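Colleague: 3D, please:
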Amino acid sequence: MNHPLIILMGVSGSGKSTIGKLLSQQINVPFYDGDDFHPAANKEKMASGQPLTDDDRAGWLADLARHLGEWEQQAGAILACSALKESYRTTLQAGAQAPLHWVFLSGDPALLRQRMEHRQGSYMHATMLDSQLETLEVPAYGLHLDVAATPQQLVDQIKAWLPTDVAAASPGA
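Modeller: As a prediction, this is how the structure comes out:
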């Protein structure tokens, strides 16, 4: 049986982790933060204010795709991952048998920058937002949400959009 795979994508500051954790609690599907899977070299590069290249991301994306295949056979997953380019999304999809459920979180750059400036403990500096926005290839598919809404409003919209069997994965949902 294939279990649901939901990818929350967007640039830094869009709330992928916050939304992912909340959604995970409400539909009983495990949450994973793609940033946790970056190798140390990538984290160090970002912490120094240098944007990652496609070469930097290749191994990380392949690792995430492999995990998606595993998670699909287990309990499913909600993955927070920037997935900025279509080629990155293609790599991630290649790891799964069923189509991924893509949720694109976007917002006004000033709001995103403000959120990044107020985050604690992140290696991703607000100065890197511009490079992410320049790299971003907006998908023509999936659910597109404006992150000006509250986290619960966004989760409610995601749950309403998901297929019924996914949104009701939890007996308490």
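
Colleague: neighbouring contacts of stretch 66-83?
Modeller: Residues from elsewhere that reach stretch 66-83 (CB atoms under 8 Å, 6 or more residues apart in numbering): 1-12, 16-17, 19-20, 23-24, 29-35, 37, 64, 88-89, 92, 95-98, 100, 102, 132, 166, 169. (C-beta placed from N, C-alpha, C; glycine too.)

Colleague: Can you turn the buried subset of those residues into a selection I can paste into PyMOL?
Modeller: Those of these that count as buried under 16 or more other CB atoms under 10 Å are selected in PyMOL with:
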select buried, resi 3+4+5+6+7+8+9+10+11+12+16+17+19+20+23+24+29+31+32+33+34+35+37+64+88+89+92+95+96+100+102+132+166+169
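
Colleague: Keep only those of the contacts of stretch 66-83 that are in helices.
Modeller: 16-17, 19-20, 23-24, 64, 88-89, 92, 132, 166 (DSSP state H).

Colleague: could I get those as CSV with pLDDT and distance to residue 42?
Modeller: Rendered in CSV, the data for those read as follows (pLDDT from 0 to 100; distance: CB to CB, whole Å):
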residue, pLDDT, distance to residue 42
16, 94, 17
17, 93, 17
19, 97, 23
20, 98, 20
23, 97, 25
24, 97, 24
64, 98, 12
88, 97, 14
89, 98, 18
92, 98, 16
132, 85, 14
166, 80, 31
